[in-house]
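Asker: Sequence and predicted structure below; questions after.
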Number of protein chains: 2
Amino acid sequence: MSREAKVPVTIVDVARKAGVSTATVSRVLHKSPKVDATTRARVQEALEELGYSPNIPARSLVTKRTRTVGLVITTIADPFFADIVRGVEDVAIENDYGVILCDSNADPEREMATIRLFQEKRVDGIIVASSRVGDLYLGLLEKTKVPVVLVNNEKTGAYVYSIGTDDVAGGEMATEYLIRLGHRRIGYIAGLADAKSNHDRLTGYRQALRKHGLPFDSSFLAPGNARPDGGLSGMNQLLTNCPSLTAVFCYNDLTAIGALKALRIAGKSVPDLVSVMGYDDLLFAAYSEPPLTTIEQRKYDLGAIAMRMLLDLQSGVESVSNNVLEPRLVIRESCSPAKS
Amino acid sequence: MSREAKVPVTIVDVARKAGVSTATVSRVLHKSPKVDATTRARVQEALEELGYSPNIPARSLVTKRTRTVGLVITTIADPFFADIVRGVEDVAIENDYGVILCDSNADPEREMATIRLFQEKRVDGIIVASSRVGDLYLGLLEKTKVPVVLVNNEKTGAYVYSIGTDDVAGGEMATEYLIRLGHRRIGYIAGLADAKSNHDRLTGYRQALRKHGLPFDSSFLAPGNARPDGGLSGMNQLLTNCPSLTAVFCYNDLTAIGALKALRIAGKSVPDLVSVMGYDDLLFAAYSEPPLTTIEQRKYDLGAIAMRMLLDLQSGVESVSNNVLEPRLVIRESCSPAKS
DNA sequence: ATGAAAGCGCTAACAC
DNA sequence: GTGTTAGCGCTTTCAT
């Protein structure tokens, strides 16, 4: 096993081999036009033969750019965030950027560590797709002096840009669909209490109610946690507190599959006895029993656009500071006309 | 809005403010014992007041370590990989490491770009949790000269270490459970054809069959793709080719929910008419209808251990090169005794 | 069109 | 215990 000594080739080696200065090598590396064709060829050859790979950290030292962005998400365990990550990833790699991922798990300490790490690594920008962002956190973010784009969250502070789904429209759309189906007693199982998305969807729900002259009854609200177990317990609470409801709008699809399970256990068939509406349109929404009627968010685009905004900001293009994407109703089989 | 000029504070600023040399500042930064207590205090104060944040790229230039690792996964859309990511993340952040994530999507070109990126960023190590690794890819990986640990894949080459689940044991365990339940005609819906995990689970399946004197019939094998749609089509194929089967072992849980849907559409009740077995024990396995009996993999640990191995390798500790974790049977409701 | 040289922020000998 | 200094690999004026 002849493990060769590890001698990384530098720009100096290339320069020597090609018989030029390091400045020239640097120029061909950056495709500067002012290099003679033959010189360029000679350098290219040396580059190839030596298998040169630029040392980005070294380059960063002088350019002050690292071609790296930081991405914070609530938790990668939620497929919704997974799609956002894919979006960010894809456009990042297309542009030779790397992304450092951190899931905060909504843990403040973790968030602090993350921001510190990003700072020390001198990332060129930060994307925060964490549904709830502590004040402390946001303060730090501003001090960080690099562009920040928030996904599905509020634009806050001078340095912050954002991209999100119009969640109040989404909440209204979901609820209105249920109302059109003849439902009058519609529950809502919440997500994380302090998430903007939760607040907005609830607002949409109330708007739809008001619009159709339906009373808002806070006993039709159940807490959740954006996860299946929260959907399960939320549904159970609804079942005992308001046995008369005929439909329930869930904060997200994860919550909905928990609700579906609670209903199954209670022996209430869906959608015959109660309709359930999700949100997000995750992959498995089409595979649940019954397949979930839900509100689609352009998850992938949320991430891709966020990354593009960062790139624009990078290159000095003043991009729109606050983008919003429209949600879309996806009708499957978990909602049906009210029976009564 | 007094957007202050962006003047990152350096070690020189701190040194000046504290009235010491940069070397001393560096020493306190690294908790070197040979610094006088009062000097240390003075430096600490300067550090705080100036809000100093070390410039990692600069440091890397001299130390040749970036405190960054690269992580390649097949696709973040599969919750199985999401858990692995969480595991590596967690131990990385604990150790002040950053992780650059890339999903390869099993796209060779993407894989090349990824490796190039990792190289240029001078990552300290690479974790590959991509279920299929092209030869080309592996070759590159070796040339990369940094420690590589493979997750759920083969140890290959001098620089490569690995951690994985014993998938042949898992496949055997799954199949044997079905056999014990009285099933004789058991199908297998595959994952990606060239994935080691797929190969191993199939091997386990055949071993169980042999062990119990059951014949192996290749018409009981259906192709899949490790995703729900593959499970759906695979199950449909099985349904038409071998209507007599009473149980099916699926490459993973994602495949299983696809199979469940196919069965539902075909009007075959699960587990009464056909039992279905999954693999992975994803979060939603407990929420499907019926809840999935499956083989648990320690997904999070796979990632956490991989990262720890990298850390060990970093510090010169020769760690075990080939770790294997045992799978575990999780009994829920998608499998029942054979009726005939 | 090309080269010389300065310097980015930091660490690590080495000297005192 | 502390300071001086020489780079790490690269880009970028500034000359030529």
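Answerer: Looks like it came in fine.

Asker: so residue A:198 touches residue A:204, yeah?
Answerer: No: with contacts counted by CB atoms under 8 Å, residue A:198 stays clear of residue A:204, the gap being 11.0 Å. To be clear about C-beta, it is placed using only N, CA and C from the backbone, and glycine gets the same treatment.

Asker: what about the two, which has more around it?
Answerer: For residue A:198 and residue A:204, the more surrounded residue by other CB atoms under 10 Å in any protein chain shown is residue A:204, and the numbers stand at 25 against 22.

Asker: could you pull out the helices for chain A?
Answerer: A:11-18, A:22-29, A:37-50, A:56-63, A:79-94, A:108-120, A:135-143, A:167-180, A:196-211, A:228-241, A:253-266, A:299-314 (DSSP state H).

Asker: Could you list the contact residues of the stretch 201-340 of chain A toward chain B?
Answerer: Residues of the stretch 201-340 of chain A lying close to chain B by CB under 8 Å from any CB of the partner chain are A:228, A:257, A:258, A:260, A:261, A:264, A:283, A:284, A:286, A:287, A:288, A:289.

Asker: Report the central residue of chain A.
Answerer: residue A:84 (3.8 Å; CA atoms, centre = their mean).

Asker: dump the residue contacts of that one.
Answerer: For residue A:84, the contact set (CB atoms under 8 Å, 6 or more residues apart in numbering or on different chains) comprises A:73, A:129, A:151, A:299, A:300, A:302, A:303, A:306.

Asker: go again using 10 Å as the cut-off
Answerer: Going by CB atoms under 10 Å, 6 or more residues apart in numbering or on different chains, residue A:84 touches A:71, A:73, A:76, A:78, A:127, A:129, A:151-152, A:297-304, A:306-307, B:76.

Asker: now swap in residue A:77 and tell me
Answerer: A:103, A:105, A:227, A:254, B:79, B:82, B:83, B:85, B:86, B:282, B:283, B:300.

Asker: that older thread, what's the farthest-apart pair in the residues of the stretch 201-340 of chain A next to chain B?
Answerer: A:264 and A:283 (20.8 Å; CB to CB).

Asker: neighbour count winner among those two?
Answerer: Legend: neighbour count by other CB under 10 Å for residue A:264 and residue A:283, higher for residue A:283 (19 against 16).

Asker: where does the stretch 51-200 of chain A have low pLDDT?
Answerer: Counting by pLDDT under 70, the stretch 51-200 of chain A shows low-confidence ranges at A:131-136, A:155-159.

Asker: rerun that using 80 as the cut-off
Answerer: A:106, A:108, A:130-144, A:154-160 (pLDDT under 80).

Asker: Count residues in the vicinity of residue A:318, would you?
Answerer: 8.

Asker: quick one on the thing from earlier: looking at the helices of chain A, which is buried most?
Answerer: helix A:253-266 (a mean of 25; mean count of other CB atoms under 10 Å in any protein chain shown).

Asker: give the contact list for residue A:259.
Answerer: Going by CB under 10 Å, 6+ apart, the list of residues near residue A:259 reads A:187, A:189, A:222, A:224, A:228, A:230-236, A:238-239, A:248-250, A:270, A:274, A:276-278, A:334, B:287.

Asker: quick revisit: which ones among the contacts of residue A:84 also lie next to DNA strand D?
Answerer: Taking CB under 7 Å from any atom of the strand as the test, DNA strand D is in contact with none of those.

Asker: ok, back up a step: save the helices of chain A as a markdown table, and put in distance to residue B:114 too.
Answerer: As requested, the helices of chain A are exported to a markdown table (distance: least, CB to CB, whole Å):
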| stretch | distance to residue B:114 |
| --- | --- |
| helix A:11-18 | 23 |
| helix A:22-29 | 21 |
| helix A:37-50 | 21 |
| helix A:56-63 | 14 |
| helix A:79-94 | 7 |
| helix A:108-120 | 21 |
| helix A:135-143 | 28 |
| helix A:167-180 | 34 |
| helix A:196-211 | 32 |
| helix A:228-241 | 33 |
| helix A:253-266 | 30 |
| helix A:299-314 | 16 |
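
Asker: okay, the ones you listed in a markdown table with distance to DNA strand C next?
Answerer: Listed next are these as a markdown table, based on distance: least, CB to the nearest atom of the strand, whole Å:
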| stretch | distance to DNA strand C |
| --- | --- |
| helix A:11-18 | 7 |
| helix A:22-29 | 3 |
| helix A:37-50 | 3 |
| helix A:56-63 | 4 |
| helix A:79-94 | 24 |
| helix A:108-120 | 9 |
| helix A:135-143 | 17 |
| helix A:167-180 | 41 |
| helix A:196-211 | 36 |
| helix A:228-241 | 44 |
| helix A:253-266 | 42 |
| helix A:299-314 | 19 |
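
Asker: For residue A:338, which of those is the nearest?
Answerer: helix A:167-180 (8.5 Å).

Asker: Tell me how far the residue nearest to residue A:13 when sequence neighbours are not counted lies from residue B:116.
Answerer: In this structure, residue A:13 finds its nearest non-sequential neighbour in residue A:50, 5.9 Å apart by CB to CB, 6 or more residues apart in numbering or on different chains. From residue A:50 across to residue B:116, the span is 15 Å (CB to CB, to the nearest Å).

Asker: ok, back up a step: tell me, what's touching residue A:198 and residue A:204 both at once?
Answerer: A:167, A:171, A:188.

Asker: Nearest to residue B:138, out of those: which one, please.
Answerer: residue A:167 (44.7 Å).

Asker: How about the residues of the stretch 1-150 of chain A by DNA strand D?
Answerer: So far as CB under 7 Å from any atom of the strand goes, the stretch 1-150 of chain A lies against DNA strand D at A:8, A:10-12, A:22-23, A:26-27, A:29-30, A:52, A:54-55, A:58-59, A:61-63.

Asker: correct me, but residue A:203 touches residue A:166?
Answerer: No: between residue A:203 and residue A:166 there is no contact under CB atoms under 10 Å: 11.0 Å.

Asker: tell me, what's touching those two both at once?
Answerer: Common neighbours of residue A:203 and residue A:166 (CB under 10 Å, 6+ apart) are residue A:172.

Asker: mind giving me the domain ranges of chain A?
Answerer: Domains of chain A are assigned by automatic domain parsing as A:11-54, A:66-165+A:299-326, A:167-297.

Asker: still on that earlier bit, the residue nearest to the centre of chain A - nearest residue in space that isn't next to it in sequence?
Answerer: residue A:303 (3.8 Å).

Asker: list the contacts for the nearest residue to residue A:150 once chain neighbours are set aside?
Answerer: Spatial nearest neighbour of residue A:150, excluding adjacent residues (CB to CB, 6+ apart): residue A:162 at 4.3 Å. Contacts for residue A:162 (CB under 10 Å, 6+ apart) come out as A:128, A:148-156, A:306, A:309, A:320-324.

Asker: can we see that at 7 Å?
Answerer: A:149, A:150, A:153, A:154, A:155, A:322, A:323 (CB atoms under 7 Å, 6 or more residues apart in numbering or on different chains).

Asker: Just among those residues, which is most surrounded?
Answerer: Neighbour-wise, these (other CB under 10 Å) top out at residue A:149, 29 neighbours.

Asker: Bridged to that residue, which residues?
Answerer: Here residue A:149 shows beta-bridge partners residue A:127, residue A:161, assigned using DSSP bridges.

Asker: how far away is it from DNA strand D?
Answerer: 25 Å (CB to the nearest atom of the strand, to the nearest Å).

Asker: what's the answer for residue A:95, then?
Answerer: 16 Å.
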